[in-house]
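Enquirer: can't give you the sequence, but here's the structure:
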């Protein structure tokens, strides 16, 4: 199971954390893992290419993005786009991906 945690404050995304493995198929054939990996990798690349210097941690089965100190509208658009993509995957594959939204 992949768990994605999204922390917001007054509609602004502070953190995104994605961890785990879908285990929807054998290693190398797991399309849910591939979908989530593509979205999270693309999200990290978009942040980097846009020039934002925010904390991003990536390792096997884990991605953490912290936008807590950046109030940029464009960064929020990038983050919200990534979450929208993850929600689409969750809608289709809810047995393998759960998104947990937390307002602080």
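Expert: Noted; the coordinates are in hand. Remember, it's a predicted structure, so these values are computed and weren't measured experimentally.
Enquirer: Partner strands of the helix or strand harbouring residue 101, with direction?
Expert: Using DSSP states H and E, residue 101 maps to strand 97-103. Strand pairing for strand 97-103, using DSSP bridges, gives strand 2-9 (parallel).
Enquirer: Output the below-cut-off pLDDT ranges for this protein.
Expert: Nowhere does the chain drop to pLDDT under 70.
Enquirer: Can you tell me the SS state at the residue of it positioned farthest from its centre?
Expert: Relative to the centre of the chain, and counting by C-alpha atoms, centre = their mean, the farthest-placed residue is residue 26 at 22.6 Å. Put simply, residue 26 is coil when judged by DSSP: H, G, I helix; E, B strand; the rest coil.
Enquirer: In contact with it, which residues are there?
Expert: Contact analysis of residue 26 by C-beta atoms under 8 Å, 6 or more residues apart in numbering lists nothing. In short, each C-beta sits where N, CA and C put it, glycine included.
Enquirer: measure it to residue 33 for me?
Expert: 11 Å (C-beta to C-beta, to the nearest Å).
Enquirer: Show me the strands in this protein, by range?
Expert: In the chain, the strands defined using DSSP state E lie at 2-9, 12-20, 56-59, 62-66, 97-103.
Enquirer: In a markdown table, list the ones you listed along with distance to residue 85 and mean neighbour count.
Expert: Formatted as a markdown table, those follow (distance: least, C-beta to C-beta, whole Å; neighbours: other C-beta atoms under 10 Å):
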| stretch | distance to residue 85 | mean neighbour count |
| --- | --- | --- |
| strand 2-9 | 11 | 18 |
| strand 12-20 | 11 | 19 |
| strand 56-59 | 17 | 12 |
| strand 62-66 | 13 | 18 |
| strand 97-103 | 11 | 14 |
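Enquirer: Select, out of those strands, the one closest to residue 87.
Expert: Nearest to residue 87, of all those, is strand 97-103, at 6.2 Å by C-beta to C-beta.
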